[in-house]
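A.B. asks: Sequence and predicted structure, then a few things I'm wondering about:
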Amino acid sequence: MRIVSDQSEEDMQRRKTREALVWPLRELVANILRITNGAGKPLELFKQFQACHDAFREYVEAHGYLPPDHEIQELLDGDRAWHQIRTGAEERRAETPELNKRDDGESSARWRWG
């Protein structure tokens, strides 16, 4: 069996290198933010910098340039990250509306504070 794709090998490699940049960059930024708040793991910074460096290098090799500002902002967008991670939970919640009901039968999605 052979799978046919509309994407070229280069396009798939570009997408793969973009996706590979997400977690190292998010982990580094999250750790830096935690460190500035008195927590975090300062000794992990070097490994995280190295992982980001490697991911950026692979990105540049595949794309021929560094990611533009807006792409890095997208990768670090907390709301977007939350929805990507929680997609399954939101779909399950939509499939089971009875779990979202309050005791009085009202939907918690429609209920708002005064």
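C.D. replies: That came through fine.

A.B. asks: From now on I want contacts and neighbour counts done on CA atoms only, so please keep to that.
C.D. replies: Noted.

A.B. asks: Send me the one helix or strand residue 81 maps to as PDB with only the CA atoms.
C.D. replies: When elements are assigned from DSSP states H and E, residue 81 belongs to helix 78-85. Output of helix 78-85 as PDB, limited to C-alpha atoms (Å, rounded to 0.1, in the frame of the first residue of the first chain):
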ATOM      1  CA  GLY A  78      -0.500  30.600  26.200                       C
ATOM      2  CA  ASP A  79      -4.100  30.500  25.200                       C
ATOM      3  CA  ARG A  80      -3.300  28.700  22.000                       C
ATOM      4  CA  ALA A  81      -1.100  26.200  23.900                       C
ATOM      5  CA  TRP A  82      -3.800  25.600  26.400                       C
ATOM      6  CA  HIS A  83      -6.400  24.800  23.700                       C
ATOM      7  CA  GLN A  84      -4.000  22.600  21.800                       C
ATOM      8  CA  ILE A  85      -3.300  20.600  25.000                       C
END
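
A.B. asks: So that it lines up with my notes, have the first residue be 687 from now on.
C.D. replies: Will do, 687 is the new start, and the previous item becomes helix 764-771.

A.B. asks: any idea of the pLDDT on residue 712?
C.D. replies: Per-residue pLDDT puts residue 712 at 92.

A.B. asks: Can you name the residues that contact it?
C.D. replies: 761, 762 (Cα atoms under 8 Å, 6 or more residues apart in numbering).

A.B. asks: ranges for the helices of the chain?
C.D. replies: Along the chain, the segments classed as helices by DSSP state H run 695-722, 731-749, 755-762, 764-771, 773-781.
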